[in-house]
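Asks: give the three-dimensional model of this entry:
(chains A, B and C)
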Amino acid sequence: MVMAITLHVILFATAVAGPYLLKANPGENWGGSDIGGDAINASLVSNIPLPAQQGTNVLATESKGLTVSQPKPEEKTPEAVALPDKNARVKASKSTTATRLKPPTEKIPEVAPNAIPYGQGGPVSGPYGSFSTSNAKGGFGFNNGGDFGSRFAWYVDQVRRKVSDNWMKYEIDPSLSNARRVYIDFDINRNGEPQNIRVGQSSGVPSLDQSAVRALQRIDTFGPLPPQYPGNKVSVEFWFDYRR
Amino acid sequence: MEDEVNHRTKWFVLSLALALILVGSACQKKVAPPPPPPPPPPPQPTATISVSPESILKGQSATLTWSSQNANDINIDGIGKVDAQGSQSVTPGASATYHLVAKGPGGSADATARLTVTVPPPPPPPPPPAQVNDDDLFAQNVKDVFFDYDKYDIRADGQGAIQANASFMQAHPNVKITIEGHCDERGSTEYNLALGDNRANAAKSALVSAGVSADRIKTISYGKEKPVCTESTETCWQQNRRAHFVYGQR
Amino acid sequence: MMKRLPLSIALLFLTLTSLPLAAQDWIKTGTGLGVEKIRIAAPDFRGSVEAQTIQYDKTFNDVLWSDLEQAGIFDMVSKSFYPLGQFAQPADIKPEAWSVEPPNASMVAFGNIALDAGNVSVQGWLYDVKNPQNAQVLAKQYRETASADNVRVIAHRFANEIIFRLGGGVNGITDTHIYFVRHAAGAKEIWKMDYDGYGQKAITKFGSISLSPRVTPDGSRIAFASMYGGGWNILMYSTDLNRSLTFPKFGGTNLSPAWSSDGMHLAFSSSRAGFPNIYVSDQNGNGLRQLTNGKGPDVSPVWNPKTNAQIAFVSGRTGLPQIYVMDADGTNPQRLTDDGYAVSPSWSPNGQFLTFAWIRHYGPGAPGAQDIYIMDVASRQWVQLTHDSGRNDFPSWSPDGRHVVYQSNKNGSDQIWTMLADGNQQHPLTTSGVNSQPNWGAK
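Replies: Numbering: from 1, shown residues only, chains lettered A, B, ... in the order given. Prediction:
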C-alpha cells in the first residue's frame, strides 16, 4: 500500500516535471506536451521518428498497446510503447505486448530521464546465445534457426562471450539518449573468422551501430568451426540493446 | 909355405869380399840396412776444453776447464796463453765459443767449447721524464666523479675532480685510462646500464674539453652491476653513482 | 505490478554500478581473459589397476589441473564437489550429475592413462555436460615412450587442446618456455624453463654478465646483451645448435635487443655514436639504422608485434625515464607516461596493450614501490596490476596475451613471477637462486 502511494507520487512528480525536461532536449520528439490533448493515437504516430523500415506489424502492436486506457500521467508510457516498435525487426517478432505493458514504475526509478528504457523483447534464438552484461543485453541466432545452436552450444557460448567481451561501450556517443535495438549480421568461416559484417537494422544512432560492428571487427577468430559441422560457414544474426 | 898362406889368404879375402858383396847386395833387397832411425817422433798433442754450465744468464759466470798433452804452447782465443791444463772462470757479455789450440813438437790440436749467454729482457727504456709506472700514484691523484640521482651532468664538485684528473693526465702524457659509469641499486637494470654509459661519456667529454686527447680514454658502463657498497642508504647510493677512473685499457 | 519492482530496482542497481566495472572490463576483453569464466571439472585420470601407472598418474593429473587452472579462462570446479566414481570412459559420465549443483560444471575433462610395453597411452575427452544430447567436444588419444617428462608433455598437449577449443581458437601456453637471467657466483647467465617453472636449466656458461634475453618468434635463437668478450655487445645463441652464433660488434655499449614479430629485424640500444640511442638492424646485424638521436639515454625498445610498424622504448631525455612510442622508422615519437619512473615495456601480441614497470610517485625520500602496469596504447588508459611494497620489473607478455611474467622481490630476493594479465593468480615460478628479466617465448 505504501509502495503504491509512493509510486503514484513519483508518477505525479514525473508528470509535472516531464514536459519541462522534455522541452529541454530539442532532439527528442516523443509525443509530449507540445501535442497534448486526447488525440494521443494520431499525434503519437506522427511524432515518433519511425524509419521507413518499420513494418505493419509494428503498428499493429502499437495500436494494441494503445487500446489499453491509461491515466493521463501515464502518457509518458508512449516512450515504453515506442521502444518495442523500434526494436522489433521486420522479421516476425515474438509477442512483446506483455512486456510492453510494464508499468511506468519500471522506468521511473531511473536516474536520468534520457536513459534508454531496457528492451525486453526481440527475437528469441533459443536457450543458446542470449546474454546480458552490466549494460547490454543481446542474443544470437545461428543459420536462420538451424540446429547449430543445439549441436554446438559450446561454440555458440564462445561466440557470445567474445562479442560481449569485445564491445567497447566507450565508443558510443556519451550523450546517447534515443536508440533502438541494433541488428548485426555476419558469417563465421571455417577458421572462425567473422566475415561480411553488416548492419541488418540500424539503431538509428551511428555510434551505437559502429560500436557493434567494431566489436565484431575486433575479433580475429572465434576459434575454428567444430570439426563435426559440415558447412563452410555459419550465418549469424546478432542483436543487442545498450543501456548506459 | 908362405906362398900357400898368402894364396889361401887371398882366396879368403876375395871370398869374403865376394860374400860380403853378395850378402851386402842381398841385404839391400830384403833387409835394407835400416836408415839411421830418426829420433822417435814427438807424440801428437791432445786438447780438450769444456765449460760449465753451458748456459748462463748475462752477468753470470761459467767455468772453463781444459787440458792438453804433448803440447807446450796452449792458447785459448780470447784468453791467451794458458797452461797445459787448468780452469778459469769466465764472464762473457754474450754467447762465446772458446777455441783452444795446443801446439807441441808433435803438431797441434784444438778443441772448442760453447757457452750460451741468455740476455734477460732489457729493462724498460728509461722513461721520459715523469712517466707513471706506479698504480698508487694514479690512485692517489685521479679521483672519481660523483653524480646526482638519475643525472649524468657533472656537478660543481665533479668539475674540480675533472680538472685535477686532467692535470694529472697532462703531466703523464703516456697514461691511458678507462672510465667506468656506475649507478646506484635503485632503478632498473637496462636503464641503469644506459645511464652509466652517459655518465662515463660525460666524464670523458669533460676531460677532453680540459685538453686530454680522446684516444687516451676508453669508457664502459657497469650500470648497477658492480656496486662498491650494498646498503640501501643515501650515502651508499651516492658512492655508487660515479664515473670511476681506472688505469690502463683492457 | 509488485513483481516488476525488484526487477526495476535491479536495473537501477545495474545502471549505477556499470561505471566502475568498465575500467577492468577492457583489460579482460582485450587480453582474451573474458569477463565470464567457464566452469570446468577435471576428475583424475586413472590407470588400470597396475601399480606402475600410479607413478605417472599424479604427474599427469597435477599438470593437467595446473594447466587448466592457469589458463585464465576457467573456473575450476573443486574436486570435493565431484560425484563419486571412476571416470575413465564416456559411459562413466552422467551429465546430469555434473551439470547441477554441487559441481554445476559446464565442461568435464576426463579419461584414462595406461602403461603398455614401455609406452604411456592417454585417452581424453571433453564433454559439454549442459548439453547432454551433443556432449562431446573433444576426443583425443596420445602415446609416447613412458617417462615422467613425456607424461608432462601429454598433459600439456591435452590441456592445450581444451584451451584452444574453449578459448576462442587462441593457442594456450602450456608448451611454451620462459628465458631468464640466473645470478650465480658473481656472474649472470641466461637460463630457460617451462612456462610453469619446471625444468630450469642453463643456456650460457660464460662466467660473465649476460642480460636481457630475447628469443626469436620461432624459438631458434636467443639474442642477449653480454660483457663476455669485452665491452657490452649483442650476442646471439642458437638453441638448435646449442652454441653461439657470430654477430657484429657495433662499438659502444649495446643493450636490450628486441625482435620484430617476423624475426626479420632486431631493435636495440647502442651508444656507438656517443649516446645510448635506439637502432635497428636486420637479423644478422646488417643494415644498421639509427632511429633516435639526442643524448637519451634511450634503451629497452620493443616492437608492436601485430604490425611491426611501431616501437616503444624508454627514454630519460626529459629526466626520469618515461615510456615513448614511435614509428618503426624513428619518426613521430610520443610520450605515453606522464610522470614517475617508467621502464621495461612489453607489447601485447594483439598490439593493443603495453605492460611496463612504473613508480608513479617518484622522488628523493618518496617510498615509491615499483609495480607492473598495463596501458591501452590507443586510449592511454592504464591499470595497476601489482600492489606490492617491493620492486617489480621486466614484465613480458605471454604468446596468448592472457598472462604476464615478471620479476619481483616481494619475497625477499628477485624471483620470476607470473600472473594473469588482469593481475589475478600471481605466483612465483622460481624460488631458489636469484632470477630476473624473464622473456616469454612462443615456443
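Asks: list the buried ones in the helix or strand hosting B:Ala47?
Replies: Assigned by DSSP states H and E, B:Ala47 belongs to strand B:46-52. For strand B:46-52, the neighbour count (16 or more other C-beta atoms under 10 Å in any protein chain shown) marks B:47, B:49-51 as buried. Glycine gets a C-beta too; all of them are placed from N, C-alpha and C.
Asks: kindly report the same for stretch C:147-159.
Replies: Buried residues in stretch C:147-159, counted by 16+ other C-beta under 10 Å: C:150-159.
Asks: in CSV, list these along with distance to chain B, secondary structure and pLDDT.
Replies: Listed next are these as CSV, based on distance: C-beta to the nearest C-beta, whole Å; DSSP: H, G, I helix; E, B strand; the rest coil; pLDDT from 0 to 100:
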residue, distance to chain B, secondary structure, pLDDT
C:Asn150, 37, helix, 96
C:Val151, 37, helix, 95
C:Arg152, 32, helix, 96
C:Val153, 34, helix, 97
C:Ile154, 38, helix, 97
C:Ala155, 35, helix, 97
C:His156, 31, helix, 98
C:Arg157, 36, helix, 97
C:Phe158, 38, helix, 98
C:Ala159, 34, helix, 98
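Asks: residue in chain C nearest to chain A?
Replies: Residue nearest to chain A within chain C: C:Gly169 (3.0 Å; C-beta to the nearest C-beta).
Asks: need phi/psi at the closest residue in space to that residue that isn't next to it in sequence.
Replies: Excluding the flanking residues, the one nearest C:Gly169 by C-beta to C-beta, 6 or more residues apart in numbering or on different chains is A:Gly223, at 3.0 Å. Main-chain dihedrals, A:Gly223, degrees, to the nearest 10: phi 100, psi 150.
Asks: can you pull the pLDDT of A:Gly223?
Replies: Looking at A:Gly223, its pLDDT reads 93.
Asks: what of B:Asn70?
Replies: B:Asn70 is assigned 89 on the pLDDT scale.
Asks: B:Pro38 now?
Replies: We have a pLDDT of 63 for B:Pro38.
Asks: could you do the one 4 residues further on as well?
Replies: The model reports B:Pro42 with a pLDDT of 76.
Asks: residues near the nearest residue to it once chain neighbours are set aside, how many?
Replies: Sequence neighbours aside, B:Pro105 is the residue nearest to B:Pro42 in space, at 3.5 Å (criterion: C-beta to C-beta, 6+ apart). By the criterion of other C-beta atoms under 10 Å in any protein chain shown, B:Pro105 has 13 neighbours.
Asks: contacting residues for B:Pro105?
Replies: With contact set as C-beta atoms under 8 Å, 6 or more residues apart in numbering or on different chains, B:Pro105 has these partners: B:42, B:70, B:72.
Asks: same question for B:Ala203.
Replies: B:Ala203 makes contacts with B:145, B:154, B:158, B:162, B:179, B:181, B:219, B:243, B:245, as judged by C-beta under 8 Å, 6+ apart.
Asks: that one should be in a helix, yeah?
Replies: Yes. The assignment for B:Ala203 is a helix, going by DSSP: H, G, I helix; E, B strand; the rest coil.
Asks: state the helix or strand in which the closest residue to it other than its chain neighbours lies.
Replies: Nearest non-adjacent residue to B:Ala203, counting by C-beta to C-beta, 6+ apart: B:Ala243, 3.7 Å away. Using DSSP H and E, B:Ala243 maps to strand B:242-247.
Asks: direction included, what does that strand pair against?
Replies: Within its sheet, strand B:242-247 is paired with strand B:145-146 (antiparallel), strand B:177-182 (antiparallel), according to DSSP bridges.
Asks: same question for the last one, mean pLDDT?
Replies: Along strand B:177-182, the predicted local confidence has a mean pLDDT of 96.
Asks: which residue in the contacts of B:Ala203 has the weakest pLDDT?
Replies: Lowest pLDDT within these is found at B:Gly158 (92).
Asks: quick check, that one in contact with B:Asp144.
Replies: No. B:Gly158 is beyond contact range of B:Asp144, at 9.1 Å (criterion: C-beta atoms under 8 Å).
Asks: between these two, which has more neighbouring residues?
Replies: Between B:Gly158 and B:Asp144, counted using other C-beta under 10 Å, B:Gly158 has the larger neighbour count: 22 against 18.
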